[in-house]
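J.: let's see this in three dimensions:
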Amino acid sequence: MAILSKIRERSMFLILVIGLALFAFVLDPSTIGDFFNSSKVNEIGEVDGETITRQEFAQEIEDYKTRTGNRGSEMQAAKNVWDELVKKKIYKNLLEDAGVSVGEEDVWRQMVNIPNIKNNPEYQNEAGIFDADKFKQFLKDAETNNPQLFTAWTKYMNQLRDNSKITIYNNLVSAGLGASLKEGETKYVSENTKLSAQYVYVPYTSIADSLVTVSDSEIKGYINSHQNEFKTEATRDLAYMQFDISPTAADEETIKAEVAKLLEDKEEFSTVTKGQVIVKGFRNTDNVAEFLSENPSDVNLDTNFKFKNQLSSEIAEGVSNGKLGDVFGPYKDAGFFKISKITEVVSMPDSVKASHILIPFIGSRSATAETKQTEEQAKKTADSLVSVLKRNSRKFTALAKELSADKSNADKGGELDWFNYSRMVPEFRDFAFQNKKGTIGIAKTAFGFHVIKIEDQKNYQNAVKLSTFGRKIIASEATENAVFQESENYAQAISKDVKNYLTISKEKNYSPKPAIGLKVLDENVPGLGNQRQIVSWAFNRDTKIGSYKRFDLEGKHVVAILTKNLEKGLLSPEKANGRVKPILLNEKKAQIIMEKMVGGNLAELSKANNTSVRQASGITLKTPTLTGVGASPKVVGAMINAKENQLYNKIEGTKGVFAFVVNTKELPTLLPNYDAERKRMSEQLRNKTFSMYEAVKKATEIKDERSNFYGI
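T.: Have a look, this model is predicted:
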């Protein structure tokens with residue numbers, strides 16, 4: 001009793017302890033610290049010290065989805081919203097510093113000139129002209145009666161204002177970029193001056209790599225002094241083995257046999273007659289629609305006519321020579337086993353030439369602000385036109401020009417030229433192909449009423465309607481289980497020696513595929529499509545190099561292995577080795593070569609380095625190429641600025657060390673005016689305005705913590 005009394009006295013304490021224990025059990029231990037870190041809970045990132053909160057980010061994503069009709073994936077929305085927010089915050093500072101502003105009248109003027117607003121009948125007067133007062137009343141009513149709608153309009157107006165400011169800012173920057181006539185002249189002369197020169201070239205490859213060494217500390221020093229070149233995002237490399245759940249030959253035969261059974265009549269017990277009855281199969285049924293209702297097909301019923309060239313090659317010949325009621329199959333087509341029956345045969349042209357007059361009505365797809373007729377009124381108009389045209393078809397062209405709402409061909413008298421069976425909407429198509437040349441009549445479509453005249457038809461041939469039952473060819477349960485077990489066996493095999501997964505794979509005749517450079521917010525895995533779960537696993541803090549996992553995906557099992565991870569920041573000396581070491585090797589080789597570049601002329605220099613004096617002519621800054629060397633812009637640039645007949649020594653190039661003497665400089669023919677060059681330079685400079693934002697973005701301190709938002 002004493003113990004129970006103690007428990008009652010300290011019940012609240014025990015509840016708290018148990019609650020915290022349960023909380024710790026449910027929550028991933030590695031994230032408990034993060035959960036209580038308010039900065040990680042509430043922040044998605046920072047742009048130049050300005051925070052982007054979770055709430056702001058989530059709201060922007062919802063707004064983005066609303067604007068785009070929820071098209072695209074969650075991660076695509078996240079990427080686009082992040083880019084928009086970063087741009088908005090970067091430009092905010094630029095615009096404030098520049099003092100750029102946009103007045104309310106300017107925003108309003110832009111708003112009312114947007115076509116979707118200007119041409120909306122709700123905001124037009126009786127004459128069909130935009131009425132600003134009506135639009136103002138709409139916004140006022142929205143503010144009172146529909147705050148959510150008004151908020152959306154307010155955000156849209158703010159977006160217009162922001163975009164206008166950015167446009168003004170970019171135009172100001174562009175206007176400040178230009179070139180003078182003198183700059184145009186200088187550029188023209190430097191680019192078109194032709195040189196002839198002699199030079200000695202000692203390539204870096206002439207020094208063996210074994211004669212120079214590069215230490216890790218030197219590589220690290222180079223990285224630290226060139227940080228912008230070696231900043232990297234976090235990436236992951238995977239190898240994965242894919243086990244497709246594909247139907248076997250035995251699975252196919254089973255499905256084919258099941259489909260074949262549906263052809264024949266069968267005997268079954270009837271609850272009505274209390275006895276055995278014959279149920280007609282697909283071959284003998286008089287009601288295909290009823291048969292397909294009782295035996296659901298994996299393919300939709302196609303009621304269109306088909307010509308021979310539109311049929312599956314498996315049955316095309318037989319069907320084209322067949323008759324009403326003939327049955328074909330089972331045959332394999334596009335991943336299905338099918339049986340088909342001819343339900344209609346006609347002789348029909350494969351192409352028709354027609355003209356039409358389109359009469360829209362309110363609510364039809366071709367209706368505009370000028371459309372005043374109801375559906376009933378439009379039908380009467382179409383009937384009247386048919387009556388007139390049947391008496392005198394020569395009036396068709398004039399009436400089409402005057403009355404047709406289809407402006408793409410009204411000026412041509414409504415002529416549509418030749419079209420095939422599959423081009424037009426069904427109602428229009430059926431009239432054109434199932435009536436004779438010269439027929440005038442009406443077809444109603446979603447666009448309105450079409451008064452149609454069949455001008456011509458050609459290539460009459462048999463066309464058929466086929467009723468088809470199809471069963472998708474899929475793997476059996478036994479096959480699915482076998483593939484699952486195969487993937488599981490592979491996972492178990494590599495678990496014993498994951499470092500040698502390639503050897504294990506080779507022994508099993510497997511070829512794992514690579515997925516290189518996956519980023520933390522990626523969705524797609526090369527070869528697998530959208531597999532966000534695999535990317536999330538690869539970036540999980542518990543996933544180390546050599547970790548593996550089996551993923552059960554649609555139609556396949558995948559065993560993934562993490563083969564490489566690269567964290568955000570500067571590349572390590574080890575991972576930058578392949579890029580930095582050749583640079584440092586060449587720098588050291590250049591020093592060795594320069595020590596040998598001793599002599600008062602090119603002949604002495606060539607002799608000291610056991611090479612020859614080379615000759616080059618027609619060298620220009622536009623094409624900075626040297627014979628036997630290739631592109632050498634740095635050396636050619638030095639030649640352009642060099643004095644004639646003077647020795648220049650120890651010039652480091654991309655591929656080696658040079659010494660040269662410029663023999664002649666041939667200046668280009670001077671132009672009477674350099675305005676064209678000035679304009680070209682100015683245009684090139686102004687085009688750089690488009691890359692200005694990226695440059696500012698690169699220089700801005702941006703902290704991106706979106707991965708925390710998505711649970712990585």
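J.: in the helix or strand hosting V352, what counts as buried?
T.: With secondary structure defined by DSSP states H and E, V352 is part of strand 336-359. Judged by neighbour count using 16 or more other C-beta atoms under 10 Å, the buried positions of strand 336-359 are 336-342, 345, 348-359. The C-beta positions use only the backbone N, C-alpha and C, and glycine is treated the same way.
J.: try stretch 207-214
T.: Buried-residue list, stretch 207-214, by 16+ other C-beta under 10 Å: 207, 212, 214.
J.: quick check: E218 touching L584?
T.: Yes. Taking contacts as C-beta atoms under 8 Å, E218 lies within contact range of L584: 5.8 Å.
J.: which strand residues bridge K458?
T.: S351 (DSSP bridges).
J.: around it, how many other residues sit close by?
T.: 11 (other C-beta atoms under 10 Å).
J.: ok, now which ones touch it?
T.: 349-351, 418 (C-beta atoms under 8 Å, 6 or more residues apart in numbering).
J.: and it, how far from W418?
T.: 8 Å (C-beta to C-beta, to the nearest Å).
J.: now the common contact residues for the two.
T.: S351.
J.: packing partners for the strand holding V352?
T.: Here strand 336-359 touches helix 249-261, strand 327-333, helix 375-391, helix 396-403, strand 415-420, helix 426-434, strand 448-472, going by 3 or more C-beta pairs under 8 Å, 6 or more residues apart in numbering; DSSP states H and E.
J.: let me have the ones you listed in JSON lines, extended by distance to A482 and mean pLDDT.
T.: As requested, the helices and strands packed on strand 336-359 are exported to JSON lines (distance: least, C-beta to C-beta, whole Å; pLDDT from 0 to 100):
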{"stretch": "helix 249-261", "distance to A482": "11", "mean pLDDT": "97"}
{"stretch": "strand 327-333", "distance to A482": "23", "mean pLDDT": "96"}
{"stretch": "helix 375-391", "distance to A482": "60", "mean pLDDT": "95"}
{"stretch": "helix 396-403", "distance to A482": "66", "mean pLDDT": "94"}
{"stretch": "strand 415-420", "distance to A482": "47", "mean pLDDT": "93"}
{"stretch": "helix 426-434", "distance to A482": "46", "mean pLDDT": "95"}
{"stretch": "strand 448-472", "distance to A482": "20", "mean pLDDT": "96"}
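J.: can you redo the ones you listed as a markdown table with distance to N125?
T.: As requested, the helices and strands packed on strand 336-359 are exported to a markdown table (distance: least, C-beta to C-beta, whole Å):
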| stretch | distance to N125 |
| --- | --- |
| helix 249-261 | 65 |
| strand 327-333 | 59 |
| helix 375-391 | 23 |
| helix 396-403 | 25 |
| strand 415-420 | 36 |
| helix 426-434 | 36 |
| strand 448-472 | 25 |
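J.: where does the residue nearest to V535 when sequence neighbours are not counted land on pLDDT?
T.: Distances taken as C-beta to C-beta, 6 or more residues apart in numbering place D522 nearest to V535, at 5.1 Å, with adjacent residues excluded. Listed pLDDT for D522 reads 92.
J.: D522 - how many residues pack around it?
T.: Number of residues near D522 (other C-beta under 10 Å) recorded here: 22.
J.: any idea whether it is helix, strand or coil?
T.: On the three-state scheme (DSSP: H, G, I helix; E, B strand; the rest coil), D522 is labelled coil.
J.: where's I442, which helix or strand?
T.: Counting by DSSP H and E, the element that carries I442 is strand 440-445.
J.: avg pLDDT for that strand?
T.: Mean pLDDT, computed over strand 440-445, is 96.
J.: what's that strand in contact with?
T.: 379, 382-383, 386, 389-390, 393, 396, 425, 427-428, 430-431, 435, 449-454.
J.: tell me the strands beside that strand, with direction?
T.: Partners of strand 440-445 in the sheet, by DSSP bridges, are strand 448-472 (antiparallel).
J.: what residues sit buried inside the helix or strand following the partner strand?
T.: Per DSSP H and E, the first helix or strand lying C-terminal to strand 448-472 is helix 477-495. Across helix 477-495, burial judged by 16+ other C-beta under 10 Å covers 479-480, 483, 487, 490-491, 493-494.
J.: perfect, that will be all.
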